[in-house]
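Engineer: Give me a model of this one.
(one chain, ligands or ions: 2)
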Amino acid sequence: MILVTGGAGFIGANFVLDWLSVSDEPVVNLDALTYAGNLENLASLKGDPRHIFVQGDICDRELVDRLFAEHQPRAIVHFAAESHVDRSIHGPGDFVRTNVTGTFTLLEAARGHWMSLDEAGKAAFRFHHVSTDEVYGSLGPNDPAFSETKTYEPNSPYSASKAASDHLVRAWHHTYGLPVTTSNCSNNYGPYHFPEKLIPLMIANALAGKPLPVYGDGQQIRDWLYVTDHCSAIRAVLAQGTPGEVYNVGGWNEKPNIEIVHTLCALLDELKPDPAGSYTRLITYVTDRPGHDRRYAIDARKIERELGWRPAETFETGIRKTVQWYLANQEWVAHILSGAYRDWVETNYAAR
Ligand code: NAD
Ligand code: TYD
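Structural biologist: Numbers count the residues shown, from 1 in each chain. Ligands and ions are numbered 1, 2, ... in the order given. The predicted structure follows:
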């Protein structure tokens with residue numbers, strides 16, 4: 001079996017669902033259920049003996065040791081993190097705790113377990129670390145896309161804490177020989193994306209007739225990847241990746257934010273027209289994010305060349321599926337719009 005951390009969040013839940021749709025290998029899913037963790041994402045697995053959910057913190061060494069001892073996973077896929085840049089600006093402490101100390105705790109527990117294995121078990125074991133392209137910093141308009149050898153230049157508390165975790169993972173391989181792999185992926189989008197991030201926030205606000213808050217001039221560029229393509233990339237790295245190697249994962253879809261917002265409005269105008277007029281009327285420019293990275297772009301040639309991975313979705317097919325999913329699952333969004341989430345909206349947008 002495999003141990004997944006953060007499997008009740010956006011990408012982790014998609015990964016668990018995807019994994020169990022193509023394999024019968026059971027998953028132990030360790031998740032603290034922070035504001036971003038949502039068991040509704042995994043509702044379709046209710047009663048499925050292949051999914052064992054454990055509510056707990058990756059910083060809890062005793063618990064993680066117990067899970068390794070009880071379940072003897074052959075691999076760990078580590079998603080658990082604080083993941084929202086704006087939250088990291090308002091409160092960086094949780095990011096250092098979960099992303100840095102949490103990853104350290106998992107590495108130490110994994111190392112203890114790995115040391116107890118025989119030679120064959122040791123060689124087969126994997127620690128896969130899920131990271132982000134944001135560790136590489138910000139690109140100018142004509143800079144080449146991030147390759148795996150790009151220097152680390154993180155600019156936000158989020159990306160700095162992820163960069164620190166990447167360095168720990170690298171060091172546990174070089175120093176102790178732990179068979180680790182790391183993937184640095186671009187911005188994901190798709191089902192179960194928490195509505196604090198650009199795409200689900202815009203869809204939710206548009207449907208509620210609320211302003212669509214575009215930071216700064218809206219010309220910041222992100223490289224978008226449909227979430228199940230990220231899941232297939234991680235499966236490929238787990239199956240065929242070389243220990244100690246890093247793989248950049250991206251969709252070859254660089255888009256300025258304002259173009260994303262216009263695309264969402266056009267799809268909503270088509271699929272759920274508003275009698276009050278086009279959703280574009282709701283676009284509102286607001287104060288920029290401090291230290292806002294201008295452009296990210298991923299050079300995903302290594303994973304294609306070495307592991308034969310390519311995304312299955314284009315941006316056009318993926319974004320249409322995403323809007324259709326949100327229209328069909330408005331109850332999922334409604335359940336998230338809890339008191340705690342409304343407090344966040346007040347903190348982030350009231351003074352903008
Ligand atoms: P998310 O915020 O939606 O989910 C994070 C999950 O981790 C939640 O279920 C949460 O409850 C859990 N968690 C948080 N702290 C925990 C702790 N201390 N112990 C146990 N569980 C804890 O995040 P996501 O967007 O699904 O991102 C998952 C991973 O992928 C992160 O490591 C992130 O850095 C990375 N990543 C995300 C993107 C993206 O576009 N969202 C892109 C590249 C990489
Ligand atoms: P986000 O989804 O928070 O991902 P990240 O910051 O990790 O790339 O934001 C994506 C882009 O959209 C980023 O450039 C910030 C911008 N953005 C807005 O313009 N308005 C918003 O309300 C949000 C949440 C993001």
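
Engineer: Quick check: the residue of this protein nearest ligand 1.
Structural biologist: Gly9 (2.0 Å; C-beta to the nearest ligand atom). For every residue, glycine as well, the C-beta is placed using N, CA and C.

Engineer: Please state the mean pLDDT value computed over the one helix or strand Trp224 maps to.
Structural biologist: Assigned by DSSP states H and E, Trp224 belongs to strand 221-226. For strand 221-226, mean pLDDT is 98.

Engineer: doesn't Ala43 make contact with Ala13?
Structural biologist: No - the pair Ala13 / Ala43 is not scored as a contact, 9.9 Å apart, by C-beta atoms under 8 Å.

Engineer: Looking at those two, which is more packed in?
Structural biologist: Ala13 (27 against 10; other C-beta atoms under 10 Å).

Engineer: how much space is there between that one and Asn187?
Structural biologist: 17 Å (C-beta to C-beta, to the nearest Å).

Engineer: Check which helices and strands the next helix or strand along the chain from the strand holding Trp224 sits against.
Structural biologist: Reading on from strand 221-226 to the C-terminus, the next helix or strand found by DSSP H and E is helix 227-240. Packing partners of helix 227-240 (3 or more C-beta pairs under 8 Å, 6 or more residues apart in numbering; DSSP states H and E): helix 10-22, strand 75-78, strand 126-132, strand 180-185, strand 187-189, strand 246-249, helix 301-307.

Engineer: element containing the nearest residue to the residue of the chain closest to ligand 1 once chain neighbours are set aside?
Structural biologist: Residue nearest to Gly9 in three dimensions, not counting chain neighbours: Ala36, with 5.1 Å by C-beta to C-beta, 6 or more residues apart in numbering. Element membership of Ala36, judged by DSSP H and E, is empty: it is in no helix or strand.

Engineer: Could you report the separation of whichever residue of the stretch 1-150 of the chain sits closest to ligand 2 from Leu268?
Structural biologist: Nearest residue of the stretch 1-150 of the chain to ligand 2 (C-beta to the nearest ligand atom) works out as Val85 at 4.0 Å. According to C-beta to C-beta, Val85 and Leu268 sit 25 Å apart.

Engineer: Repeat that for Phe146.
Structural biologist: Distance from Phe146 to Leu268, by C-beta to C-beta: 32 Å.

Engineer: When the two are compared, which one has more neighbours?
Structural biologist: Neighbours per residue, other C-beta under 10 Å: of Phe146 and Leu268, the larger number sits with Phe146, 24 against 21.

Engineer: The closest residue to that one other than its chain neighbours: neighbour count?
Structural biologist: When the adjacent residues along the chain are set aside, Phe146 lies closest to Tyr136, with 4.4 Å between them (C-beta to C-beta, 6+ apart). By other C-beta under 10 Å, the residues close to Tyr136 number 25.

Engineer: so what pLDDT did Tyr136 get?
Structural biologist: pLDDT, read off for Tyr136, is 98.

Engineer: and if you look at Leu268?
Structural biologist: 98.

Engineer: what about the nearest residue to it once chain neighbours are set aside, neighbour count?
Structural biologist: Nearest residue to Leu268, sequence neighbours excluded (C-beta to C-beta, 6+ apart): Tyr279, at 5.0 Å. The tally of other residues near Tyr279 (other C-beta under 10 Å) stands at 25.

Engineer: ok now do Tyr279, which residues does it touch?
Structural biologist: By C-beta atoms under 8 Å, 6 or more residues apart in numbering, the contact set of Tyr279 is 206, 212, 264-265, 268-269.

Engineer: Return the distance of it relative to Met202.
Structural biologist: 9 Å.

Engineer: joint contacts of these two?
Structural biologist: In contact with both Tyr279 and Met202: 212, 264, using C-beta under 8 Å, 6+ apart.

Engineer: This protein against ligand 2: which residues are in contact?
Structural biologist: 85, 187, 197-198, 201, 213-215, 220, 222, 257, 289 (C-beta under 6 Å from any ligand atom).

Engineer: switch to 5 Å and redo it
Structural biologist: 85, 197-198, 213-215, 220, 257 (C-beta under 5 Å from any ligand atom).
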